[in-house]
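Trainee: just coords:
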DNA sequence: CTTGACCTTCCCGCCGCTGGAAGGCGCAGT
DNA sequence: ACTGCGCCTTCCAGCGGCGGGAAGGTCAAG
């Protein structure tokens, strides 16, 4: 199987496969006499595994660790679980950050007339971050626990 | 004011200020005879604005647009609002994606014993993405609307 | 006059690819 | 045999948003 075929079957672009090889995520493929990379079914499965793990947000390095565990018949599932839990924690941190941004932005937007006039609480809020803090508390009724 | 001072007062590292200048986010600073960059109060305010906008997740390019609006006394707040709303939409898309990842991962983790044995539904699920779909539906009671 | 903190430019590295150029290989058609 | 096309190879550059560090100039204090 040439790289184009394995790319199509795994869903990983040929350039990306070469990249993964160059950074050591996958071992160097065999070569034909002409220098073409040669792949087998196992490689398709590996690349699908990688694709899937990447789509779950694991970094290439983390995928490497997962691959190692996947190939290790003597692995402890606890190790895999630990990686996954850590990744969930990372995701949670990102979500928290994004929600914080979103909340601030939404608040600013809510206070902006959004018409032809230049007065803009959004710009004011960005210009003076202290107001962002104020903004977060200024119009909270009282029903929300801090 | 030298770059170190303005860096300290704005919270933007000197290297980053030079970078912002190099990509045209801020205009070229004035120079002393010796070639040192010179800044004033206005620059501190601008850099704080930038810092604040960046912390809300705006890209450097978007911050450029915000800065232009900020400096334009004839702006329409609707334009600012539109930028902010678009950014909120981008953030929402990211949050949605992260939550999807999180959901899948959590599900896999829930099914993994996480002990010394090698059997691992997490690895199985990653290896065969079809199972991820199954995983999403396999143990849903019936109370959840699709 | 020296020290040390500051400033300057420059280029490299990070992550995870993606695009493109220049050249070799394989096979079909004529 | 030759042409053409599509695939393969390598290498280099770039995206965003900086940070590290080298090599060298400047400034104020002692």
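Mentor: That came in fine, so what should we check first? Since the structure is predicted, the reported quantities are computational estimates derived from the model, not experimental observations.

Trainee: could you identify the helix or strand that succeeds the helix or strand containing residue A:84?
Mentor: Here residue A:84 sits within helix A:77-110, counting by DSSP states H and E. Downstream of helix A:77-110, the first helix or strand assigned by DSSP H and E is helix A:121-127.

Trainee: and the helix holding residue A:84, is it in reach of chain B?
Mentor: Yes - Helix A:77-110 lies in contact with chain B when judged by Cβ under 8 Å from any Cβ of the partner chain; the contacting residues are A:77-78, A:80-82, A:84-85, A:87-88, A:91-92, A:94-95, A:98-99, A:101-102, A:104-106, A:108-109. Heads up, the C-betas are built off the backbone N, CA and C, glycines and all.

Trainee: report whether that helix contacts DNA strand C.
Mentor: No - using Cβ under 7 Å from any atom of the strand, we find that helix A:77-110 stays clear of DNA strand C, coming within 11.4 Å at best.

Trainee: how far off centre is stretch A:23-34?
Mentor: Between the mean C-alpha point of stretch A:23-34 and the mean C-alpha point of its chain there is a distance of 27 Å (Cα atoms, centre = their mean, to the nearest Å).

Trainee: for the spatially most central residue of chain A, which residues are in contact?
Mentor: Computing the C-alpha centroid of chain A and ranking residues by Cα atoms, centre = their mean puts residue A:57 first, at 3.5 Å. Under the criterion of Cβ atoms under 8 Å, 6 or more residues apart in numbering or on different chains, the neighbours of residue A:57 are A:87, A:90, A:91, B:98, B:101.

Trainee: pick out the most distant pair among the residues you listed.
Mentor: For the contacts of residue A:57, the maximum inter-member distance is 11.0 Å, found between A:87 and B:98 (Cβ to Cβ).

Trainee: more neighbours: the two, which one.
Mentor: Shown here are residue A:87 and residue B:98; by other Cβ atoms under 10 Å in any protein chain shown, residue A:87 has more neighbours (21 against 18).

Trainee: so that one sits right up against residue A:58, yeah?
Mentor: Yes - between residue A:87 and residue A:58 there is a contact at 6.1 Å, judged by Cβ atoms under 8 Å.

Trainee: which strands and helices lie in contact with the helix or strand containing residue A:4?
Mentor: For residue A:4, the host element (DSSP H and E) is helix A:3-10. Here helix A:3-10 touches helix A:14-22, helix A:41-55, going by 3 or more Cβ pairs under 8 Å, 6 or more residues apart in numbering or on different chains; DSSP states H and E.

Trainee: and the helix or strand just after the first one, which strands flank it?
Mentor: Downstream of helix A:14-22, the first helix or strand assigned by DSSP H and E is strand A:30-31. Here strand A:30-31 has these sheet partners by DSSP bridges: strand A:37-38 (antiparallel).

Trainee: I figured residue A:69 hits residue A:79, correct?
Mentor: Yes - counting by Cβ under 8 Å, residue A:69 touches residue A:79, with 6.0 Å between them.

Trainee: for PyMOL, what selects the buried ones among the residues of helix A:77-110 next to chain B?
Mentor: Of these, the buried ones go into a single PyMOL selection, burial set by 16 or more other Cβ atoms under 10 Å in any protein chain shown:
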select buried, chain A and resi 77+80+81+84+87+88+91+94+95+98+101+102+104+105+108+109
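
Trainee: circling back to that earlier point, run the contact check for the helix holding residue A:84 versus DNA strand D.
Mentor: No - judged by Cβ under 7 Å from any atom of the strand, helix A:77-110 makes no contact with DNA strand D; its nearest approach is 13.2 Å.
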